[in-house]
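Chemist: predicted structure and sequence below. I'll ask about it afterward.
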Amino acid sequence: MPPRVLVLGAGLISPPLLRYLLSHTDYQLTVGALDVTKATAILAGQPRGRVVQIDIDDLAALAPLVDEADVVVSLLPAGFNPRIAELAIARRIPMLNTSYVSPALAALDQPARDAGVLLLCEIGLDPGIDHMSAVRVVRQVQAEGGAVEQFVSCCGGFPAPDANTNPWGYKFSWFPRQVLLSARNPARYLQCGQVVDVPGAELFAHVRPHAIEGLGVFEIYPNRDSLAYRDLYGLTGATDMLRATLRYPGWCDTLRAAANLGLLDVDVHDWPAGTDYAAVTTRRLSPGGGTTIDRLAAHLGVGTDASVLARFEWAGLLSDRKLPVRQAAPLDLFVGRLAELMTYQPGERDMVVMEHRLTASFPDGHREIITSTLEATGEPFGDSAMSRAVSLPLAIATRLVLAGAINTAGVQIPVQPEIYQPVLDELATLGLALHERRKAAN
């Protein structure tokens, strides 16, 4: 019987994965999702594919789909993955996904090992390609007898220069709510041998400029707990380790202001009838004279002509436009406003950029700065760079699992050579290669 693949979720990043799996003519492909529009269009006329409309919360409907599969691939938000993993363990089939390992999923490691089941997580772009390419370059340095002293890795997705048409320097190629929820995450990194703990409320106080050769100057801010990957990357001797998110300049100042104003709050409010966006944005301001802009500028500590205020005005966050709902969290009102305005128009291209920057010392006494950089741009009227960079590592790993080329169990991320070597090699043939540069360190 041909291998049977169950894909759960059919959102923005799914098309490249579905096409990849359909290109292997012996796979039988089932796609389960609440919104089946994209999957139906891709699988139309494909005798080896079918689409099932399903609510993932309906375990009675989901379990039979898992029962008939040989591997489960989740493109769903991370919160759904533990329940899917439990079904996969019970069925004794592997499950793959692109999300970070949550505590609930980590708790399934031993049951998965006992059942001989692989739960491969963090096999997308970030996390995913970042892990695989970082481990590869670190181990290359170590194979040369070198030691990594400093490690900075950053990744981001944003409009290509020709599509960068709004003052925020950003458009959504990923779940908008998840993008802004990540702005609440606490972080942890290593600087000059000292651990730096960053509360979520202070995330955008830890921003630094970052120049990438040939692309210009960006800004980066910490991405979750960098130290969780210190041993996995082989960086126990490093004095500096930072995993960071990459953005065009201005994003961080604006999100810091949004957090200050409570626009990232997730508690649901009951808003009086007729409440406008300006009332939501300015609700934390102290009463006083002067215009709203003057009061807002004073609260944020910026000038009235600051680009931060200009971005809020452009987005209508200081307008008398009425709220579309009476009950909502400030974050969801914020997300809804930005998602309405900051979408890619037909033919516009996004861009994904990743860079690892290492300072390494070698036995002969010399030191080098090593950079490994990925730059990918979306296809006009085709797949976005984000969808390709997230879904193709997952698709390739699925093929490797079905071919018996990955032989491990439990909750795993792709830091083993048997995973990262073939995945990175194939990604390079698909236009997702990292390019390495070396120069002497001062």
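Modeler: Perfect, thanks for sending it.
Chemist: wait, a strand at Leu374?
Modeler: Yes. Counting by DSSP: H, G, I helix; E, B strand; the rest coil, Leu374 is part of a strand.
Chemist: any idea what the closest residue to it other than its chain neighbours is bridged to?
Modeler: Leaving aside its sequence neighbours, Leu374 sits nearest to Met354 (CB to CB, 6 or more residues apart in numbering; 4.2 Å). Using the backbone N, CA and C atoms, a C-beta is placed for each residue, glycine as well. Beta bridges link Met354 to Cys155, Leu374 when assigned by DSSP bridges.
Chemist: so where is the stretch 151-300 of the chain shaky, pLDDT-wise?
Modeler: Counting by pLDDT under 70, the stretch 151-300 of the chain shows low-confidence ranges at 288-289.
Chemist: quick one: the helices in it?
Modeler: 176-181, 230-233, 251-260, 277-281, 292-300 (DSSP state H, counting those that start in this stretch).
Chemist: so what's the residue nearest to Leu374 scoring on pLDDT?
Modeler: Per-residue confidence (pLDDT) for Met354: 98.
Chemist: Ala44 now?
Modeler: On the pLDDT scale, Ala44 gets 85.
Chemist: number of nearby residues for it?
Modeler: Using other CB atoms under 10 Å, the number of residues around Ala44 comes to 9.
Chemist: could you do the one 4 residues further on as well?
Modeler: Residue neighbour count, defined by other CB under 10 Å, stands at 17 for Arg48.
Chemist: separation between the residue nearest to it when sequence neighbours are not counted and Val71?
Modeler: For Arg48, ignoring the flanking residues on the chain, the nearest one in space by CB to CB, 6+ apart is Gln28 at 5.4 Å. Distance from Gln28 to Val71, counting by CB to CB, to the nearest Å: 11 Å.
Chemist: which of those two has more neighbours?
Modeler: Between Gln28 and Val71, counted using other CB under 10 Å, Val71 has the larger neighbour count: 22 against 18.
Chemist: the more buried one: what's it in contact with?
Modeler: Counting by CB atoms under 8 Å, 6 or more residues apart in numbering, Val71 touches 3-6, 93-96, 398, 401-402.
Chemist: counting neighbours, which of the residues you listed comes out on top?
Modeler: Neighbour max across the contacts of Val71 (other CB under 10 Å) = Met95, 30 neighbours.
Chemist: ok, the residue nearest to Gly124 when sequence neighbours are not counted - how many residues close by?
Modeler: Of all residues beyond its chain neighbours, the one nearest Gly124 is Thr98 (3.1 Å), with distances taken as CB to CB, 6+ apart. When neighbours are counted by other CB under 10 Å, Thr98 registers 27.
Chemist: how far away is Thr98 from Pro161?
Modeler: Counting by CB to CB - Thr98 and Pro161 are separated by 27 Å.
Chemist: picking that back up, how about JSON lines for the contacts of Val71, with secondary structure and pLDDT added?
Modeler: Output for the contacts of Val71, formatted as JSON lines (DSSP: H, G, I helix; E, B strand; the rest coil; pLDDT from 0 to 100):
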{"residue": "Pro3", "secondary structure": "coil", "pLDDT": "93"}
{"residue": "Arg4", "secondary structure": "strand", "pLDDT": "96"}
{"residue": "Val5", "secondary structure": "strand", "pLDDT": "97"}
{"residue": "Leu6", "secondary structure": "strand", "pLDDT": "97"}
{"residue": "Ile93", "secondary structure": "coil", "pLDDT": "97"}
{"residue": "Pro94", "secondary structure": "coil", "pLDDT": "98"}
{"residue": "Met95", "secondary structure": "strand", "pLDDT": "98"}
{"residue": "Leu96", "secondary structure": "strand", "pLDDT": "98"}
{"residue": "Thr398", "secondary structure": "helix", "pLDDT": "97"}
{"residue": "Val401", "secondary structure": "helix", "pLDDT": "97"}
{"residue": "Leu402", "secondary structure": "helix", "pLDDT": "95"}
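Chemist: okay, now the domains of this structure?
Modeler: 4-120, 129-253+345-440 (automatic domain parsing).
Chemist: dump those domains to a markdown table, plus distance to Arg326.
Modeler: Output for those, formatted as a markdown table (distance: least, CB to CB, whole Å):
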| stretch | distance to Arg326 |
| --- | --- |
| domain 4-120 | 25 |
| domain 129-253+345-440 | 19 |
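Chemist: about what we covered before: and the residue nearest to Arg48, how close does it get to Pro47?
Modeler: 9 Å.
Chemist: which residue ranges of the stretch 151-300 of the chain form strands?
Modeler: 187-191, 194-198, 208-212, 216-222, 240-247, 269-270 (DSSP state E, counting those that start in this stretch).
Chemist: point out the most buried one among the ones you listed.
Modeler: With neighbours taken as mean count of other CB atoms under 10 Å, the strands of the stretch 151-300 of the chain reach their highest mean count in strand 240-247, at a mean of 24.
Chemist: CA atoms only for that strand - export them in CSV, please.
Modeler: C-alpha atoms of strand 240-247 as CSV (Å, rounded to 0.1, in the frame of the first residue of the first chain):
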residue,chain,number,x,y,z
ASP,A,240,27.8,35.4,23.9
MET,A,241,24.7,33.6,22.5
LEU,A,242,21.7,35.4,21.1
ARG,A,243,18.8,34.1,18.9
ALA,A,244,16.9,37.1,17.6
THR,A,245,14.1,38.3,15.4
LEU,A,246,15.1,40.5,12.5
ARG,A,247,13.0,43.6,11.3
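Chemist: output the contacting helices and strands for it.
Modeler: strand 147-159, strand 187-191, strand 216-222, strand 350-361 (3 or more CB pairs under 8 Å, 6 or more residues apart in numbering; DSSP states H and E).
Chemist: looking at those, which is nearest to Leu75?
Modeler: strand 147-159 (16.3 Å; CB to CB).
Chemist: give the other helices and strands that that closest one contacts.
Modeler: Short answer (3+ CB pairs under 8 Å, 6+ apart): strand 147-159 packs on helix 129-143, strand 216-222, strand 240-247, strand 350-361, helix 385-402.
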